[in-house]
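**Q** Structural data only, the sequence is not supplied:
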């Protein structure tokens, strides 16, 4: 018995997927029982890097998800539509689904997994987060025996590449972005990457798995790297930090006065000053890494290539293989594997950012007049913001540059202090506000 | 239906295992269907950190593996016997086995997995390598679609702790070993750790999984860290390296003249000079990490706590959970999950160390007379050993100290050159010979 795959899309990931499936030698033997039955593309004439038999190809994508012979639909089209509709139709046709589509899963996961539960099929998505790095499956299978406390990830390769180059070369964001675009490391429209939206999709998915509940994507706080400047990277370095775009999903550490609610989460994406000794600080370039902390395991880190044809295809095909293996094991029993299916019913409560307790780094430009540091210190004190350091680092365009690092503070208090500081006559601007891990 | 566990051993790992199983709240819900049915211990009177109902306890270990009600036997006794015999008896009684016992699996894996295949049961061993780090299951499930090229690991926490302290403090091996023993990071008899035997057990297991064949433990080359001195660590640092005890399993890169044999492997454990920028170079203290390189995934790294009650128990319980999940899925079908079972039949061919092609670092003590460097260079040249650098680094006890780093050379040639060098009158000794990655 062979398992028949309907492949939707032969772009970067689809090409890599087909290359593995067409060359199973030297890999897990079960791969030889998986065959590409139909392939859906937008254009039949486009030249491709992988040789697919022409009789398998069609531009009628819907005919693939309704083909009675197809067991597993592999959606690697990207984008929201028609990907979402095709996934849902495949599910109602009783087909298992493998997808690399973080955008669809993070937005329509509830709808998709509800449909999958009803239809008794699997929807697997290892490739949606971390490219080739096995992280979804370990979260579901190996780490599920832990009480997860946090998942912290570098999950966007483009921004990590830009920040790494800013750090090693001392360049400004816009110059390095332009160069990254010309080298193919950033897209012509870089918004999804540099504004943190892609990372938000991914951390929403990881949070859902780690904390066994649904996440509303709108609840994920998201801040990109456009405001990070060469000056910040240089000051951070002097203070013993590197700046990374981190995605966080954590159980909220509640203040003693807060009502007890074990399910309150923080889910957020923002550039972060990270101590140089932190396990994620040495993840550079396009590499991704995900740190999972749980009880009793402690901290484990998964790292590797976060994108690319081969790595992402490895994740896609591992999902296909896992479905085939489970179907073989189940035989006629039609029971779903309890660790591979997904039956979350409730939505997780996400704490508002104003309640976050964290350290901050802020850079101020002020007039060069006596007493400015005193004014800043007083305003922070008025709002219970305790400072670790406040240093005039030099001058920039005739303005004094002052860098402040706080102790742990409530974000709401810090923002109120900044509102007060903005009204001070001596303060010109606050070019950077970054959180510190 | 609950799954009944027979727990053999309540030491460090057994205690952690029982603690998770007795407190399933907040973890994967399937854990609530797993219950501890019997617990085997050496002494009923010993005080324990975990409260187990006295009626479950017995000193008759064999009665547990033959108890008809037990579904899964968890062997966390350690040591070769009675662990091996109890595992085999459990298998013949039709019970699934979870073990943390790298020594038994690396020596008796062939016997145990043959018996398991015949009996139609699972033998899982996530906890045998890398403590809590999920690496066995990713190798079996997520990475199996790749053609694995190499597995390189820091898989022994004790030696990594000692080497890390030697590097940060500049101390000598014997002093830091003694301190590590007093702090509980090294055992009273440190042989298994510091001589690389524990790492050899683990890389034999990883090699078997990565390359889908059996490994004879005697074929694994094994060299420990006793010969690594503070001087070597200091010179390595100046050259841009750190010294780590690495375990390697690689497909042999064959010389053009060698007969083609795709299955020829290198499996070896030895201290290694590792470039500071290598992903494993920043793994410090008792942490473990495993780097897997495959086609098309590229390099992925798994890191985390390599030992300890909680992390190792996390791995043990994840195996129990995976067996329970697969049994639920299979229902009455009695088919084994093809990615969790292990049916290797052939033994892998392991290349002799003399054929290894690698770079070397060697430190010589010589008489302080003119021409010594020339004599060394000539001897290396006689045996086709190409040098990258040869530097007199200073004096030690009235002897000149010379450090040599080679280009890639055949190990056999390098050893012949050393044999010739040892006969030179000016050469006093060769205190260190280390490989360079």
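**A** Perfect, thanks for sending it. Computed from a predicted model, the values in this text were never measured in an experiment.
**Q** Is the residue lying farthest from the centre of chain A within a helix or a strand, and which one?
**A** Residue distances from the centre of chain A (CA atoms, centre = their mean) peak at residue A:370, which lies 45.1 Å from the mean C-alpha position. Residue A:370 belongs to no helix or strand when elements are defined using DSSP states H and E.
**Q** State the pLDDT value of it.
**A** pLDDT for residue A:370: 87.
**Q** Quick one: neighbours of residue A:208, just the number.
**A** With neighbours defined by other CB atoms under 10 Å in any protein chain shown, the count for residue A:208 comes to 24. From N, CA and C alone the C-beta is placed, and that goes for glycine too.
**Q** ok, it to chain B distance?
**A** Going from residue A:208 to chain B by CB to the nearest CB, to the nearest Å gives 14 Å.
**Q** That residue: what secondary structure?
**A** What DSSP: H, G, I helix; E, B strand; the rest coil gives for residue A:208 is helix.
**Q** who touches it in this structure?
**A** By CB atoms under 8 Å, 6 or more residues apart in numbering or on different chains, the contact set of residue A:208 is A:109, A:214-215, A:344, A:348.
**Q** Now with 6 Å, please.
**A** By CB atoms under 6 Å, 6 or more residues apart in numbering or on different chains, residue A:208 lies in contact with residue A:215.
**Q** Which pLDDT value belongs to it?
**A** Looking at residue A:208, its pLDDT reads 96.
**Q** Contacts for the lengthiest helix in chain A next, please.
**A** Secondary structure of chain A per DSSP state H: the longest helix is helix A:309-330. By CB under 6 Å, 6+ apart, the residues outside helix A:309-330 that reach it are A:3, A:12-13, A:15-17, A:20, A:30, A:34, A:72, A:96, A:98, A:100, A:122, A:124, A:126-127, A:131-132, A:305, A:337, B:141-142, B:145-146, B:296-298, B:329-330, B:335, B:337-339.
**Q** How about stretch A:376-396?
**A** With CB under 6 Å, 6+ apart as the test, stretch A:376-396 has contacts from A:373, A:400-407, A:409, A:413-414, A:416-417, A:420-421.
**Q** Which positions in the longest helix of chain A come out as buried?
**A** If you call a residue buried by 16 or more other CB atoms under 10 Å in any protein chain shown, then helix A:309-330 has these buried ones: A:309-330.
**Q** quick one, what contacts residue A:252?
**A** So residue A:252 contacts A:264, A:266, A:351 (CB under 6 Å, 6+ apart).
**Q** possible to save those residues as a markdown table with secondary structure, distance to residue B:178 and neighbour count?
**A** What follows is the contacts of residue A:252, written out as a markdown table (DSSP: H, G, I helix; E, B strand; the rest coil; distance: CB to CB, whole Å; neighbours: other CB atoms under 10 Å in any protein chain shown):
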| residue | secondary structure | distance to residue B:178 | neighbour count |
| --- | --- | --- | --- |
| A:264 | strand | 48 | 18 |
| A:266 | strand | 45 | 22 |
| A:351 | coil | 49 | 22 |
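**Q** need the residues of the stretch 51-200 of chain A near chain B, please.
**A** Contacts of the stretch 51-200 of chain A with chain B, taken as CB under 6 Å from any CB of the partner chain, map to A:132-134, A:137-138, A:141-142, A:144-147.
**Q** Let's see the ChimeraX selection covering just the buried ones among those.
**A** Entered in ChimeraX, the line below selects the buried ones among those, by 16+ other CB under 10 Å:
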select /A:132,133,134,137,138,141,142,144,145,146,147
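**Q** So which of the residues of the stretch 51-200 of chain A next to chain B are in strands?
**A** Cross-referencing these against strands under DSSP state E gives residue A:147.
**Q** Just flag the most distant two among the contacts of stretch A:376-396.
**A** A:400 and A:413 (24.8 Å; CB to CB).
**Q** With pLDDT added, can I get the residues of the stretch 51-200 of chain A next to chain B in JSON lines?
**A** Listed next are these as JSON lines, based on pLDDT from 0 to 100:
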{"residue": "A:132", "pLDDT": "94"}
{"residue": "A:133", "pLDDT": "97"}
{"residue": "A:134", "pLDDT": "97"}
{"residue": "A:137", "pLDDT": "96"}
{"residue": "A:138", "pLDDT": "96"}
{"residue": "A:141", "pLDDT": "93"}
{"residue": "A:142", "pLDDT": "92"}
{"residue": "A:144", "pLDDT": "94"}
{"residue": "A:145", "pLDDT": "96"}
{"residue": "A:146", "pLDDT": "97"}
{"residue": "A:147", "pLDDT": "96"}
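**Q** which of the residues of the stretch 51-200 of chain A next to chain B lies closest to residue A:288?
**A** Nearest member of those to residue A:288, counting by CB to CB, is residue A:133, at 6.2 Å.
**Q** Provide a list of residues in contact with the closest one.
**A** By CB under 6 Å, 6+ apart, the neighbours of residue A:133 are A:302, A:304, B:300.
**Q** my read: the second one touches residue B:297, true?
**A** Think residue A:304. No - when contacts are counted by CB atoms under 6 Å, residue A:304 is not listed as touching residue B:297 (7.1 Å).
**Q** Can you check which residues contact both of the two?
**A** Common neighbours of residue A:304 and residue B:297, counting by CB under 6 Å, 6+ apart, are residue A:132.
**Q** Enumerate the helices of the stretch 1-150 of chain A by residue range, in sequence order.
**A** Ranges of helices in the stretch 1-150 of chain A, per DSSP state H, counting those that start in this stretch, are A:12-22, A:61-65, A:83-92, A:102-119, A:136-140.
**Q** The ones you listed: which one's closest to residue A:194?
**A** helix A:102-119 (16.1 Å).
**Q** Low-confidence stretches in the stretch 1-150 of chain A?
**A** Residue ranges of the stretch 1-150 of chain A with pLDDT under 70: A:1.
**Q** And chain A, what are its domain boundaries?
**A** A:3-132+A:309-349, A:137-304, A:355-436 (automatic domain parsing).
**Q** how far does the second one stretch from start to finish?
**A** Same thing as domain A:137-304. Chord length of domain A:137-304, first to last residue, is 15 Å (CA to CA, to the nearest Å).
**Q** Might you calculate how far it sits from the centre of the chain?
**A** 7 Å (CA atoms, centre = their mean, to the nearest Å).
**Q** Residue A:127 and chain B, how far apart?
**A** 11 Å.
**Q** cool, and residue A:151?
**A** Distance from residue A:151 to chain B, counting by CB to the nearest CB: 14 Å.
**Q** Which residues does that residue form beta bridges with?
**A** residue A:249, residue A:292 (DSSP bridges).
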